[in-house]
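Trainee: could you look at this predicted model? Sequence included:
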Amino acid sequence: ISFPADATATVNGHIQKGDYVDIIANMSGQNLGAEETITKTILQSVEVMDIGKSETDSAVHNIPLLLTLEQAEVVKHAYELGEVTYALNPGNSRTARTAGVTNKNFVERFGYHVVSKKS
């Protein structure tokens, strides 16, 4: 299945046919029925079948991926909820378990001091 993509979402267009990618979704809290936006790796070690580029300017327009039907549903739904980005997989076979990142745990983790907006 092929998904819309551009150079920004494909490591500045450096992802190539045969590469393996991890798929990261940045989803609005409103779309999730939550208060905060969340960024989460949703799939790992997905093979890139090809890169769809424009014949006129070589710009990336889509990314065909080798996915199971269930994985395709997950990625399609992530596109409906927010932004999807592809990260080159370093080639290790271990699956990383991530908790994802929300505004609150980002602020806590990096020690930001947040000043509340005045009404």
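Mentor: Yes, it's here. In this text, all values refer to a predicted model and were calculated from it rather than measured experimentally.

Trainee: what's the spacing between residue 54 and residue 96?
Mentor: Separation of residue 54 from residue 96 (C-beta to C-beta, to the nearest Å): 34 Å. For every residue, glycine as well, the C-beta is placed using N, CA and C.

Trainee: tell me who's in contact with the residue most central in space within the chain.
Mentor: Residue closest to the mean C-alpha point of the chain, counted by C-alpha atoms, centre = their mean, is residue 24 at 2.4 Å. By C-beta atoms under 8 Å, 6 or more residues apart in numbering, the contact list for residue 24 reads 39-42, 84-87.

Trainee: tell me which element the nearest residue to residue 5 once chain neighbours are set aside falls in.
Mentor: Using C-beta to C-beta, 6 or more residues apart in numbering and skipping the chain neighbours, the partner closest in space to residue 5 is residue 63 (4.2 Å). Assigned by DSSP states H and E, residue 63 belongs to strand 60-66.

Trainee: what packs against the next helix or strand after that strand?
Mentor: As assigned by DSSP H and E, the chain's next helix or strand after strand 60-66 is helix 69-81. Using 3 or more C-beta pairs under 8 Å, 6 or more residues apart in numbering; DSSP states H and E, the elements in contact with helix 69-81 are strand 2-4, strand 20-27, helix 29-32, strand 38-48.

Trainee: and the worst-scoring helix or strand of the chain on mean pLDDT, how far out from the chain's middle?
Mentor: Sorting the helices and strands of the chain by mean pLDDT, DSSP states H and E puts helix 29-32 at the bottom, at a mean of 71. Distance of helix 29-32 from the chain centroid (C-alpha atoms, centre = their mean, to the nearest Å) equals 16 Å.

Trainee: show me what counts as buried in stretch 14-31.
Mentor: 15, 19, 21-27 (16 or more other C-beta atoms under 10 Å).

Trainee: check stretch 30-47 too.
Mentor: 37-39, 41-44, 46.

Trainee: closest to residue 11 out of the residues you listed?
Mentor: residue 46 (13.8 Å; C-beta to C-beta).

Trainee: tell me who's in contact with that closest one.
Mentor: 20-23, 65-67, 71, 89.
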